[in-house]
Every structure is written in C-alpha cells, then in structure tokens.
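*Asks:* here is the input, now give the coordinates:
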Amino acid sequence: MRPRRVTALALGLCVAAVLTGCAASRSAAAPSPPRVPGQATAGPDLAGIKLPDFVLPLVTGGVSRPNSSLTPGAVTSTDTAALCGLPDHTHGSSIPLAAQTAVFKAYRYTNPQVQNKYQMDYLVPTLLGGATTNANIWPAALKGTGFFQKAQLDHVLRDLVCRRTISLTTAQSDLETNWYTAWLQYVVATGHA
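*Replies:* Residues are numbered from 1 along each chain as shown. This next block holds a predicted model:
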C-alpha cells in the first residue's frame, strides 16, 4: 500500500505544480508594446477638467504632443489689442529651416522618412503672441490627432481671444499646458470640430 500512497502523493504534487504554474502564467502581466518616440502611451490627464457631454470625433492614431522639457512654449506679447489688430488671414511666421533642423535634432527625429511624418508648429502661435524661438517649436504629427487639430485650435482660440471671450493669457497658458485638452474644451465641446 505504501508505494501507491507515494505514487498518489507524487501525482498530486505534480498536478498542484502544473496548476500553480498555469495560474502564475495567467496572472503574469502581458508584455507592453514598444514605446514609439513622439507618441503618447497613455491618455491625456483630464483631472480637474470639467467638460460638457459631447461625442469625440473618430480619430485614428495617437495624440501628438510636444515634449515639455524641449518645448515648454514661449510668449513675446500679451497685448491683445495689438495681436488682434493683425490681419486674420495671415498664418503667422514661417519656421526657418535652421530652427526646424535644430528641433528635429533635439527630438531625435534625424531620419528624413520620420521627419516627413511631422510638420513643425509653434506651440503658442505667433498670432497669439508666441515667440519664434526653439522653446516654442515642436514637430506635430500629420496623422492621428496632431498638426491639423492644433491648427484648428489656434484659429478658434484667436477668434475667442479677439472677441474677448477668453483672455490672451488664458489661451497662451492653455496651449503651453496641454494643447490637446484645450482642443477638446474649445473646439470639440463647442461644436467647432
């Protein structure tokens, strides 16, 4: 009888080991996908932001945001009257090639094929008092939520500032803090999207 008990005990331990091993493999975290430079891996931090009920537009791809240590934003003017006196149809200052090259290098986008997926943009547009320095320039993605949505936000913010609906300093601060949240608040939630 003793060999049967030993065999049963050994079999029981093997089954327990197999089940424990399977349970451990089920509870192990799945490997995370590789991080793509310039693409956010987490959703935006909307803590403290109160948004009305609305339906987000369908956008494929990630949200393109500047690296705040490389592009914190920079402002040269807070004079609303002077800025709103500028023609609305102008697109502001173009970004010199030397500045574009420096910003691409800082962001480590040195491959021309990668660079073609981005358009240089001012975080705070010059028509809203943004500086033409590298601290205010970033590569905005052409796919996903990026360059085109940011351009839309810039236009809406300029209109709101010039109609005195919001202050220029608020618009500048909102762009420097998180342009994507500002886009949700001023464009999507108000039906401009």
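
*Asks:* what is the burial count for the closest residue in space to Gly130 that isn't next to it in sequence?
*Replies:* Nearest in space to Gly130, with sequence neighbours left out and distances taken as Cβ to Cβ, 6 or more residues apart in numbering, is Val124 at 3.3 Å. (Each C-beta comes from the backbone N, C-alpha and C, glycine too.) Per other Cβ atoms under 10 Å, the neighbour tally for Val124 reads 23.

*Asks:* then Thr76?
*Replies:* For Thr76, the neighbour count with other Cβ under 10 Å is 13.

*Asks:* wait, isn't Met120 in contact with Gln100?
*Replies:* Yes: using Cβ atoms under 8 Å, Met120 and Gln100 qualify as a contacting pair, with a distance of 4.9 Å.

*Asks:* spit out the residues that contact the two alike.
*Replies:* Ile137 (Cβ atoms under 8 Å, 6 or more residues apart in numbering).

*Asks:* re earlier: if I look at the residue nearest to Gly130, how far off is Arg158?
*Replies:* Plainly put, Val124 is 11 Å away from Arg158 if you go by Cβ to Cβ, to the nearest Å.

*Asks:* contacts for stretch 61-75 next, please.
*Replies:* Under Cβ under 8 Å, 6+ apart, the answer for stretch 61-75 is 36, 38-40, 44, 103, 106-107, 118, 123-124, 129-131, 133-141, 143-147, 150, 172, 175-176, 178-180.

*Asks:* go on, stretch 133-147?
*Replies:* 38-39, 59-64, 66-67, 70-75, 95, 99-100, 102-104, 106-107, 109, 115, 117-124, 130, 148, 150, 180, 183.
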